[in-house]
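Trainee: Fold the following, please.
(chains A and B)
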There are 2 protein chains.
Amino acid sequence: MARNITPRKDNYSQWYLDVIKAAELADYAPVRGCMVIRPTGYAIWENIQAKLDAEFKRTGHVNAYFPLLIPNSFFQREAEHVEGFAPELAMVTHGGGEELEEPYAVRPTSETVIGYMYSKWIQSWRDLPVLINQWCNVMRWEKRPRLFLRTSEFLWQEGHTAHETAEEAQEETIRMLGVYRKVLEEELAVPVLAGEKTAGERFPGADHTYTCEAMMSDGKALQSATSHFLGQNFAKAFNIQYQNRQGELAYCWTSSWGMSTRTIGAVIMTHSDDDGLIIPPRIAPVKAVIIPLSKDESIAENVLFPKAKELAAKLDEELGGMFTKVDTDFHARPADRFFTHLQHGIPLRLELGEKDLAAGTVRLVRRDTGAKLDVKNESVIPTVKQLLTDIQADMFKRAKDFREANTHDAKTYDELKAIIDSEGGFVRAYFGGTPEDEVRIREETGATPRVILPGDNMGKCIITGQDNARLTIFAKAY
Amino acid sequence: MARNITPRKDNYSQWYLDVIKAAELADYAPVRGCMVIRPTGYAIWENIQAKLDAEFKRTGHVNAYFPLLIPNSFFQREAEHVEGFAPELAMVTHGGGEELEEPYAVRPTSETVIGYMYSKWIQSWRDLPVLINQWCNVMRWEKRPRLFLRTSEFLWQEGHTAHETAEEAQEETIRMLGVYRKVLEEELAVPVLAGEKTAGERFPGADHTYTCEAMMSDGKALQSATSHFLGQNFAKAFNIQYQNRQGELAYCWTSSWGMSTRTIGAVIMTHSDDDGLIIPPRIAPVKAVIIPLSKDESIAENVLFPKAKELAAKLDEELGGMFTKVDTDFHARPADRFFTHLQHGIPLRLELGEKDLAAGTVRLVRRDTGAKLDVKNESVIPTVKQLLTDIQADMFKRAKDFREANTHDAKTYDELKAIIDSEGGFVRAYFGGTPEDEVRIREETGATPRVILPGDNMGKCIITGQDNARLTIFAKAY
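Mentor: Presented below is the predicted three-dimensional model:
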């Protein structure tokens, strides 16, 4: 067991921070509630960005950039929006040495200022749909910060689209939910339940909010991405009108959707163990580390290093990028070297010692299972490729099995309370209550409705007792 | 001549804004001094980013992310730095509904907060060098904003490195100047003079500042990227100390370097003409547009469109990306269609009409020269590839020839004044004066020393009359 990492069973929160520290993913900044994303953490984010951005472009979106600052009055125009975000705003009151006439908010999200610009750009149905995404930083003042999960500043992308009809905007909302699900499951190996949020959990200003909910290894839920059908709420607030095909003025229908650096927290808490970080191969900045092992400086430098570097170059060519690292720090103890790479979450370790050299083999060690495999030189490259695919698939399956094993059904509110109190995890129950009921459940159990499961599964509400309630996941959440 | 674009000779500033508007590159935001970068402008920035980022990684750098907000007290620690940036700061004074104990500045640049983090991360010479870059937004309050050139918020990258020795930090500073020069010249086709800045033009807190200076098509200079040797100034201000190879505590030597969305302004003002934007092929989001031409709907849709789309697919495959666009708006007048693409700066137009179809040819039209070429079907793809290479090279050469034709020598201060007053452009003169002399020259002529030309070229200073003055470029500047 790693002495620098608190075991999960002792203190899950401390374990999470210890994993981040040992892997050098992030650090607290000298600014209240803010973080610094260190190179290893940022490289994971770059990989997530690349996968998402390719999906956005494949589905017809373009990127743009809107201002960081938003006039305070913009928030007032949409009643629910201002209520939701006002308590979290950071305000710029002075610029260039002078007090500003109207304070600006640092954007917590950009529906308002983008809505303002869309009202200028969109004139006719021929201008529609507008399908724009923005990669940027946002700020929501946070009193109890946690690295990646809740910080006053975070990085994300926010898509904002405008359409002729409600149907098209709704289709877009669901399409992007599907993109998130695909990237989270296929790239981050984080299984999610994708579906609608209850009224009490909606984005402020949305008609419908959809979410991808993941289960962390302590059984709590983490909202990993959201997609909102905004109806005509922002179109009316910002006068986004167009001349329709009949020559009449009409309001657009809009959507917005976002995924953030929070998903790095989801990756950490889905996959890592008491030894530290485990990164899924498809988003790992380093997929394999080659460790030449010899106490003999001459053998290390003249025989093993060149062989390791040759293998790394071949692997990189095969993997299509700079994904292999060679550890040349042969003065250090092998156990310490293994430990460092293990704590950095590198999916695969390749040991190349004098014995391996003599036997014409390389020892491969999986980060996720610790399984060791001695492989003949000529089979190393295909085996590494296959193992990386296997590790990715196994990590996803393990997380999905864990979620299923920790999901329970509750037929009554008392059952729900009992499960949340004892096992925790996800609880499936029929729910058709109001936002006030949601508040009560949260106060009494600590759990909230995370996602309404898609499909026609209807039953009797555990709160109201009425029929036609939807099957809903309840859980404590990050 | 384009009626929506003011000719350069009538009003260069208005021409610049008209070009941006016609190409839909950017728009003013509803926030004082800020801009919105529209999808076409942002796609150019993404291309510039990709080229730069690849160079940074090739030279051993990694990306990270530091906080947007910086405690106001950090600026006070470096005397020149605070003097330089205090007048331009935007201040956050309230967060989460409360007044902050200490106001935060929105970062105008990040030497201070990154220096603070480096002091925590760097312990030993083994931790050095630290070679980190950050892609982000920054804010410098701007009273007279101009799209891309001077806006209160802009996007950039800022590299921050720490080294054991002055020599290594100096080497890094010059290496990154070389990276900027390479990307500006080879990718943006913007010829630059790379060299040191005079004392009066240095970055606040730097020992030496190096610049890439370009000449715009009105003869003015535009500083396109800078690289700073910071000595131990920030290391001492933020206590970035390490244990050296002798076991003693020593201060690091640091560098910083940056290039911003301002370079999009440089691209516009280097290459565009009175018809509108011209984008160099290597950073053009769309490199070629194919325009099927027919008034006959059936021929257009059944014959020309499929042929155009097939050609686009082949071209994209050959060019290695989604770089070709097909214009299917056949109801519009051909002249209007040509005009739109021309104003968007697309390097190459491919016309595919009924006559071309019969002749088995495609008409290629260059954006930069207007030259037309009828090419046999089987030669279209190699010809397009060759033309894109030619256009890139010709645009660079044209800009360089223009700079050389508009650079004059001045042996005396009176000559310098006369040239700035009459021809404008760049003036080469020996200069060895003080920052006070630089202020006087600016007040009397409007010109400033832009860059000291590299090499051993020394002579008598036009201001002080003393020998050993360096050959320096003077010009009015953006």
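Trainee: Report the contact partners of whatever residue of the stretch 301-450 of chain A ends up closest to chain B.
Mentor: In the stretch 301-450 of chain A, the residue that lies nearest chain B is A:Met322 (7.8 Å; CB to the nearest CB). Backbone N, C-alpha and C define where each C-beta goes, glycine included. For A:Met322, the contacting residues are A:316, B:57, by CB atoms under 8 Å, 6 or more residues apart in numbering or on different chains.
Trainee: buried set for the helix or strand A:Val179 falls within?
Mentor: Following DSSP states H and E, the helix or strand that holds A:Val179 is helix A:166-182. Within helix A:166-182, the residues that qualify as buried by neighbour count (16 or more other CB atoms under 10 Å in any protein chain shown) are A:168-170, A:172-174, A:176-182.
Trainee: Out of the residues you listed, which comes closest to B:Pro191?
Mentor: A:Val179 (42.1 Å; CB to CB).
Trainee: Does the helix holding A:Val179 pack against any helices or strands, and if so which?
Mentor: If you count contacts as 3 or more CB pairs under 8 Å, 6 or more residues apart in numbering or on different chains; DSSP states H and E, helix A:166-182 packs onto helix A:39-58, strand A:153-163, strand A:193-196, strand A:208-215, strand A:221-229, strand A:253-260.
Trainee: Correct me if wrong, but A:Ala266 is in a strand.
Mentor: No - using DSSP: H, G, I helix; E, B strand; the rest coil, the assignment for A:Ala266 is helix, not a strand.
Trainee: My guess is it contacts A:Lys220. True?
Mentor: No - in this structure, A:Ala266 is not within contact of A:Lys220 by CB atoms under 8 Å, at 11.0 Å.
Trainee: Tell me which of the two has more neighbours.
Mentor: The neighbour comparison of A:Ala266 against A:Lys220 (other CB atoms under 10 Å in any protein chain shown) goes to A:Ala266, with 24 against 20.
Trainee: quick revisit: got the angle between the helix holding A:Val179 and strand A:208-215?
Mentor: For helix A:166-182 against strand A:208-215, the angle by axes from the mean of the first three to the mean of the last three CA atoms, to 10 degrees is 10 degrees.
Trainee: and helix A:166-182, average pLDDT?
Mentor: Here helix A:166-182 scores 98 as its mean pLDDT.
Trainee: swap in stretch A:89-96?
Mentor: pLDDT averaged over stretch A:89-96 gives 96.
Trainee: Can you name the residues in contact with that stretch?
Mentor: So stretch A:89-96 is in contact with A:69, A:72, A:75, A:99-100, A:103-106, A:108, A:139-141, A:152, B:32, B:69, B:87-97, B:103, B:106, B:141-143, B:152, going by CB under 8 Å, 6+ apart.
Trainee: Give me the subset of these lying in strands.
Mentor: A:69, A:99-100, A:103-106, A:139, B:69, B:90-95, B:103, B:106 (DSSP state E).
Trainee: Skip the chain neighbours and tell me the closest residue to A:Cys34.
Mentor: Nearest non-adjacent residue to A:Cys34, counting by CB to CB, 6 or more residues apart in numbering or on different chains: B:Pro67, 4.1 Å away.
Trainee: Can you tell me the SS state at the one you found?
Mentor: With three-state DSSP as the criterion, B:Pro67 reads coil.
Trainee: who's in contact with it?
Mentor: With contacts defined as CB under 8 Å, 6+ apart, B:Pro67 is in contact with A:29, A:31, A:34-36, A:153, B:107, B:113.
Trainee: Farthest-apart pair in these, please.
Mentor: The widest separation within those (CB to CB) is 14.7 Å, between A:Met35 and B:Arg107.
Trainee: circling back to that earlier point, right, and the helices and strands packed on helix A:166-182 - which one's nearest B:Thr6?
Mentor: strand A:153-163 (31.4 Å).
Trainee: In terms of secondary structure, what does the closest one contact?
Mentor: The contact analysis (3+ CB pairs under 8 Å, 6+ apart) places strand A:153-163 against helix A:39-58, helix A:111-121, strand A:130-139, helix A:166-182, strand A:253-260.
Trainee: what's the most buried one of these?
Mentor: strand A:253-260 (a mean of 26; mean count of other CB atoms under 10 Å in any protein chain shown).
Trainee: Return the per-residue confidence for the residue nearest to A:Phe323 when sequence neighbours are not counted.
Mentor: Leaving aside its sequence neighbours, A:Phe323 sits nearest to A:Lys287 (CB to CB, 6+ apart; 4.2 Å). At A:Lys287 the predicted local confidence, pLDDT, stands at 98.
Trainee: So A:Lys287 sits against A:His344, correct?
Mentor: No - in this structure, A:Lys287 is not within contact of A:His344 by CB under 8 Å, at 11.9 Å.
Trainee: Compare the two (neighbour count), which wins?
Mentor: A:Lys287 (26 against 22).
Trainee: Next, work out how far apart the more buried one and chain B are.
Mentor: 16 Å (CB to the nearest CB, to the nearest Å).
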